[in-house]
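Participant: okay, structure incoming, though there's no sequence with it:
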């Protein structure tokens, strides 16, 4: 049964092995290249490329990162989606069990997986209408849980935080507020993404 | 113990596969782009069709000087390709290539793959930030905004087929689609059909492929986060890019296109069981389907013009994200109304001749 066969030691070992292989895949050609490639550093080669012109200033200039609201939105949605995965598994099993066409053996298997029982034979199979009820309850859960985030998303959208070009959002806000002149404290970013 | 040896063999095989596949796909990309632009592409290296072109490129790149700019953050600059490669290679840990042919048969395989592949963005941001070049910094920051945004609709689109499958195990998901091609999740409901397109768009963006390759954007940012990289270190980013292209295509094939199941079960009635030849044909099926999806990515790259950064963000946040949320809700309602599915009248067991239990199809 795949739900009970998770072996943490094997998995962790495999994770480290794959990481080591990935690093090895890059290290091997680099080490081989060590013997083949020239090494003649010079002032010009050490410069950064700015289309052939002498560089003006470094890259440590201040600029508007712009996507901090998007990043906040991402955190909220990503936590949300992390909770969707177990929900989807239960909902999917409930859907499978709600099928009237399911054979007895399959019903036994899926019921065992849904109830988390290792011993398939010992499980009382879940009836189709009971699974249908579970499905509807799960759908209600989803609507409440998802609805809260979608309201927040609509608010952010309405506020204009999803607009990449802020100047346009600001202009629109000014227009709808019927104000005269741009709001104070506006400054254009020196370097924009 | 046997499992540990199997994991070791799988790691070596997958490393070989990723290296060879990247070379083949890079050659393919050059031929495809050549044909689309009405030219021939590489023709000479290796006799015909320039089939050894990638190897020749590699031989050239390995002899190139390993340059690190003086103003760069030396450690982060050298570390970035490793982080990118870790993200795309470790994901293969959980990707099954045929029934049971997977390094570790994880019960949360698809979740694991999504989580690990998103590590890749750290490498790109590191590369952009540490280069000390303005082009690189802009490329890295764009990548951060883009990948962070596209991950949301992509993950929601992965949840939708899982709602049908009822498991996160990719091996089981593919086995559940055994039988005629209408058992594939792509054809299970009109909602899933639309979802596959949304997923593929997001997958293209998450691999930073054109028309979403804002991080490189050679016409505006020189080469974006790659500007200061040269030689082998530069090519590692491409190795990782083609590996993750295959990985997202593999997820697409398993979630929507039936994985290693052919369109028509020609082996119906012949019970191969655990015989390796059946699995070998499954492997061929899987590779053909995944390569087809990789080809579609190339086709898109050489057909569509690059979007602007604000268009990329608008596409995601104002179109793909609401679409994927709506599709999720619609699919949930669809499954409550039609629990037997669109083709449910045939019954899953009629065209599920392998006799796999619908859940727990572990070999």
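Facilitator: Cool, the structure landed. Note that the coordinates shown come from a computational prediction; the quantities given were computed from them, not determined experimentally.

Participant: can you list the low-confidence ranges for chain A?
Facilitator: Applying pLDDT under 70 to chain A flags the ranges A:1-6, A:63-67, A:165-193.

Participant: pick out the residue closest to the middle of it.
Facilitator: The centroid of chain A falls nearest to residue A:78 when counting by C-alpha atoms, centre = their mean (5.1 Å).

Participant: can you tell me the SS state at it?
Facilitator: Using DSSP: H, G, I helix; E, B strand; the rest coil, the structure places residue A:78 in helix.

Participant: got the contact list for it?
Facilitator: Counting by C-beta atoms under 8 Å, 6 or more residues apart in numbering or on different chains, residue A:78 touches B:151-152, B:155. Where C-beta positions appear, they are placed from N, C-alpha and C, glycine not excepted.

Participant: residue B:42 in helix, strand or coil?
Facilitator: Per three-state DSSP, residue B:42 ends up coil.

Participant: got phi/psi on it?
Facilitator: phi -60, psi 140 (degrees, to the nearest 10).

Participant: burial of residue 45, as a residue count?
Facilitator: Picking chain A for this. Neighbours of residue A:45 under the rule other C-beta atoms under 10 Å in any protein chain shown: 13.

Participant: that's the wrong chain, I meant chain B
Facilitator: Residues near residue B:45, counting by other C-beta under 10 Å, number 16.

Participant: for residue A:152, same thing?
Facilitator: Neighbours around residue A:152, by other C-beta under 10 Å: 14.

Participant: neighbours of the closest residue to it other than its chain neighbours, just the number please.
Facilitator: What sits nearest to residue A:152 in space, not counting adjacent residues and going by C-beta to C-beta, 6 or more residues apart in numbering or on different chains, is residue A:76, at 6.8 Å. Residue A:76: 15 surrounding residues under other C-beta under 10 Å.

Participant: just checking, residue A:76 touches residue A:151?
Facilitator: No - at 11.6 Å, residue A:76 does not count as touching residue A:151 under the criterion of C-beta atoms under 8 Å.

Participant: residue ranges for the helices of the stretch 101-250 of chain B, please.
Facilitator: B:109-117, B:120-130, B:134-165, B:170-176, B:190-206, B:231-256 (DSSP state H, counting those that start in this stretch).

Participant: how far off centre is the second one?
Facilitator: A distance of 20 Å separates the C-alpha centroid of helix B:120-130 from that of its chain, computed with C-alpha atoms, centre = their mean, to the nearest Å.

Participant: give the other helices and strands that that helix contacts.
Facilitator: Identification of packing neighbours for helix B:120-130 by 3 or more C-beta pairs under 8 Å, 6 or more residues apart in numbering or on different chains; DSSP states H and E yields helix B:74-90, helix B:134-165, helix B:231-256.

Participant: same question for the first one.
Facilitator: Counting contacts by 3+ C-beta pairs under 8 Å, 6+ apart, the secondary-structure elements packed against helix B:109-117 are helix B:74-90, helix B:134-165, helix B:170-176, helix B:231-256.

Participant: now it: buried residues?
Facilitator: B:109-114, B:116-117 (16 or more other C-beta atoms under 10 Å in any protein chain shown).

Participant: export the residues you listed to CSV and tack on distance to residue B:286 and pLDDT?
Facilitator: Converted to CSV, the buried residues of helix B:109-117 look like this (distance: C-beta to C-beta, whole Å; pLDDT from 0 to 100):
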residue, distance to residue B:286, pLDDT
B:109, 14, 88
B:110, 15, 91
B:111, 20, 91
B:112, 19, 91
B:113, 15, 92
B:114, 19, 91
B:116, 20, 92
B:117, 18, 90
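
Participant: among those residues, which two are most distant?
Facilitator: B:109 and B:117 (12.3 Å; C-beta to C-beta).

Participant: check which helix or strand covers the closest residue in space to residue B:163 that isn't next to it in sequence.
Facilitator: Leaving aside its chain neighbours, residue B:163 sits nearest to residue A:88 (4.6 Å; criterion: C-beta to C-beta, 6+ apart). If you go by DSSP states H and E, residue A:88 is part of helix A:68-98.

Participant: and that helix, what's buried?
Facilitator: By neighbour count on 16+ other C-beta under 10 Å, the buried set for helix A:68-98 is A:70, A:73-74, A:77, A:80-81, A:84-85, A:87-98.

Participant: could you do stretch B:28-41 as well?
Facilitator: Buried residues in stretch B:28-41 (16+ other C-beta under 10 Å): B:28-32, B:34, B:41.

Participant: among these, name the ones in helices.
Facilitator: B:28-32, B:34 (DSSP state H).

Participant: any idea which of the helices of the stretch 101-250 of chain B scores lowest on pLDDT?
Facilitator: The weakest mean pLDDT among the helices of the stretch 101-250 of chain B belongs to helix B:170-176, with a mean of 83.

Participant: centroid residue for chain B?
Facilitator: Closest-to-mean residue, chain B, C-alpha atoms, centre = their mean: residue B:248 / 1.8 Å.

Participant: just list the residues touching that residue, thanks.
Facilitator: Applying C-beta under 8 Å, 6+ apart to residue B:248 gives the contacts B:117, B:203, B:206-207.

Participant: please consider this matter closed, and thank you.
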